[in-house]
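Novice: here is a sequence together with a model predicted from it:
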Amino acid sequence: MDFINSIKKNWLLNLVFFIYVISISVVIFKHEPWADEAQAWLLARDSSLFGLMFKNLHYEGHPPLWYLILMLPSRFLPYRAISIISAIIAITCIYIFLHYSPFPKVIKLLFPFSYFVFYQYGVIARSYVLLPILFFLIAKVYKDKTNKIYQFTALVCLLANVSIYSTMVSLSIMLVHLIDLIKSRSDLDKKAIMKQVKAYIAFAIIMALIVIQLWQPEDSSFARGFNLNVQRFFQLSSDVLNEATTEVIYISALVLIISLIWFWQNRLLLLYLISTLAVLSLFSTKYYNSWHQGIIFLVWAFVMWISFEEQNHKRFNKLSGLTPLENSTLLNSESNKVLFSNGVTRKLVILSILLVLGFQIFWAVSASVSDFNGTYSAGEAIAKYIKTNKLEDKKIYATSFWSTTILPYFDKNIFANHNNGEKPAFWFWMLNNKRIENLETILKDQPDLIIIGRPGNLKELPGYEFVGIFKGNLYWKNRIKENNDFALFRRY
């Protein structure tokens, strides 16, 4: 009976959840995974546990959590399972959000369809799909983090192992918690202090492991070194903060100002600023690509969750101390509603969130429709061509990292110019990656099939039939970010 009443009470949330599940399933069904998705699958499939953790990740710059999740599925399931795994994580995240987040119902109903949560970190099966669910789980326990320090620290450690950027956020979260502990140290007994110390020791060990795993080798070919440039930091930070929210600079600036005031009122300004600045600093000094904007968006949503949780907690405490008559009077008194809304700022915050969600939902719909109607990656189409024509055992050469997108559809490395045609099949981000990329050398070797990644206008090679251009587009918000085309040539 309680279960039926719960369904009736939350029918609108359940309807939104159902729409979300159907929508993301439909888009994922048509989505063709691209090179970054393929690389993670191949790394998990073709690496030993020790090789992954202490050798291969040195060249990737990503902590191990996503690869560990994929390790067993990649050995026993077809490649398309990566999208199903991503969908299951995204769907679980939205269930948690709908049933446990403290936001007003209108925000709950719209947020699941925001761009980063629905499309970029849901449909696109990369490690970033783990960020929303971990941020939300941390936000859920944040108010009681001192009492639930082991649970809190475990979640923060998991967050740290998703991306090097989320590692920075995790460090920021634990730093803010340490500051909170110092402020409230007089309220903690010896047993509570020891629990905090043990938690921080465990966190320090996890951070040390991440450093060991991700320490960049001298022969790494990707994002080498650091670029310390103050001007770049301010310019990039301004662009990212704008593009992560609305892409309309004046609206984004207004949303940021309102958010900062709200966080300050709720004593969360330090958490937001340290986390955001830590990520922006890494963007400007190490590496940044547009999809990383979602991390800035999620930090904002994460702190928003905590702030609304705090407000709801204060509201409950105020009501719990009243008699039923006082409670009813307060609820119906226009003059006292400020106790529940925290004044004008709360209303402005809700409006600003809805405004951001308006842009985000438009981007999510646009990208999803484009992905459904178009081709995100040509890897699957080329794999089908190779299998249909029984060419997988022929001598095949393929150029550029982007050709990695083809390899997960095969049980072995089919490219003779990569690692001598043997496993592992993933791309080596090292200066000497044992791969023949020079077109003149390729033509001298006379392979049976040549696949050129991102070929431009190339449509002729001496001694080869031009099979065609296999189109692929990286859809980004309401536009195409870049083309992922392949040109295919077959020897006469």
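Specialist: Perfect, I can see it now.
Novice: distance of residue 242 from residue 383?
Specialist: 39 Å (Cβ to Cβ, to the nearest Å). In short, each C-beta sits where N, CA and C put it, glycine included.
Novice: closest to the centroid, which residue in the chain?
Specialist: The centroid of the chain falls nearest to residue 128 when counting by Cα atoms, centre = their mean (2.1 Å).
Novice: find the nearest non-adjacent residue to that residue, please.
Specialist: residue 121 (4.5 Å; Cβ to Cβ, 6 or more residues apart in numbering).
Novice: just residue 464 next, same as before
Specialist: In space, residue 464 is closest to residue 489, 3.9 Å off (Cβ to Cβ, 6+ apart).
Novice: A strand includes that neighbour, no?
Specialist: Yes: using DSSP: H, G, I helix; E, B strand; the rest coil, the assignment for residue 489 is a strand.
Novice: the residue nearest to the centre of the chain should be in a helix, yeah?
Specialist: Yes: counting by three-state DSSP, residue 128 is found in a helix.
Novice: just the buried residues of the longest helix seen in the chain, please?
Specialist: If you go by DSSP state H, the chain has its longest helix at helix 344-373. Residues of helix 344-373 classed as buried by neighbour count (16 or more other Cβ atoms under 10 Å): 345-346, 348-350, 352-353, 355-357, 359-361, 363-368, 370-372.
Novice: what ranges do the strands span in the stretch 251-400 of the chain?
Specialist: For the stretch 251-400 of the chain, the strands defined by DSSP state E, counting those that start in this stretch cover 396-398.
Novice: low-confidence regions, it specifically.
Specialist: Scanning the stretch 251-400 of the chain for pLDDT under 70 picks out the ranges 313-342.
Novice: same deal with the stretch 1-150 of the chain?
Specialist: Using pLDDT under 70, the stretch 1-150 of the chain drops low at 1-9.
Novice: and the strands in it?
Specialist: Counting by DSSP E, counting those that start in this stretch, the stretch 1-150 of the chain contains no strands.
Novice: and the helices in it?
Specialist: 2-9, 11-30, 35-46, 49-51, 57-60, 65-76, 81-100, 105-110, 115, 130-142, 149-160 (DSSP state H, counting those that start in this stretch).
Novice: could you do the stretch 151-300 of the chain as well?
Specialist: Counting by DSSP H, counting those that start in this stretch, the helices of the stretch 151-300 of the chain are 164-183, 190-214, 230-243, 249-265, 269-285, 293-320.
Novice: give me the angle between the second one and helix 149-160.
Specialist: Yep, that's helix 190-214 we're talking about. 10 degrees (axes from the mean of the first three to the mean of the last three Cα atoms, to 10 degrees).
Novice: correct me if wrong: residue 268 contacts residue 305.
Specialist: No: in this structure, residue 268 is not within contact of residue 305 by Cβ atoms under 8 Å, at 10.2 Å.
Novice: need the contact list for residue 485.
Specialist: Going by Cβ atoms under 8 Å, 6 or more residues apart in numbering, residue 485 touches 378, 454, 455, 469, 470, 471, 472.
Novice: how about a cut-off of 10 Å?
Specialist: For residue 485, the contacting residues are 375, 378, 402, 452-456, 469-473, by Cβ atoms under 10 Å, 6 or more residues apart in numbering.
Novice: just the buried residues of those.
Specialist: Counted by 16+ other Cβ under 10 Å, the contacts of residue 485 give 375, 378, 402, 452, 453, 454, 455, 469, 470, 472, 473 as buried.
Novice: of the residues you listed, which is the nearest to residue 251?
Specialist: residue 473 (27.7 Å; Cβ to Cβ).
Novice: identify the residue spatially nearest to the closest one, adjacent ones excluded.
Specialist: Per Cβ to Cβ, 6+ apart, closest to residue 473 is residue 480, 4.7 Å.
Novice: quick check on residue 429: phi, psi?
Specialist: Dihedral pair for residue 429: phi -90, psi 60, per degrees, to the nearest 10.
Novice: when you give positions from now on, start the count at 28
Specialist: Sure, I'll start numbering at 28, so the last one becomes residue 456.
Novice: with residue 70 as the reference, measure out to it.
Specialist: From residue 456 to residue 70 the distance is 11 Å (Cβ to Cβ).
Novice: likewise for residue 246?
Specialist: 18 Å.
Novice: which one's more surrounded, the two?
Specialist: More neighbours surround residue 70 than the other of residue 246 and residue 70, with 26 against 14 (other Cβ atoms under 10 Å).
Novice: my read: that one touches residue 452, true?
Specialist: Yes: the pair residue 70 / residue 452 is scored as a contact, 9.4 Å apart, by Cβ atoms under 10 Å.
Novice: returning to what we had before: I figured the residue nearest to residue 491 hits residue 426, correct?
Specialist: No: with contact defined as Cβ under 10 Å, residue 516 does not reach residue 426; the gap is 11.0 Å.
Novice: got any residues that touch both of those two?
Specialist: 469, 477, 478, 479, 482.
Novice: ok, the first one - contacts?
Specialist: Counting by Cβ under 10 Å, 6+ apart, residue 469 touches 424, 425, 426, 444, 463, 477, 479, 488, 516.
Novice: rewinding a little: dump the residue contacts of the residue nearest to residue 155.
Specialist: Counting by Cβ under 10 Å, 6+ apart, residue 148 has contacts 113, 116-117, 120, 141-142, 154-160, 318, 321-322, 324-325.
Novice: redo that, cut-off 6 Å
Specialist: Residue 148 makes contact with 155, 156, 321, according to Cβ atoms under 6 Å, 6 or more residues apart in numbering.
Novice: quick check, nearest of the contacts of residue 469 to residue 99?
Specialist: Nearest to residue 99 among the contacts of residue 469, with distances taken as Cβ to Cβ, is residue 425, at 27.7 Å.
Novice: okay, and the beta partners of the nearest residue to the closest one once chain neighbours are set aside?
Specialist: Setting aside the residues directly before and after it, residue 425 is nearest to residue 478 in space (Cβ to Cβ, 6+ apart), at 3.9 Å. Note on residue 478: beta-bridge partners by DSSP bridges are residue 425, residue 515.
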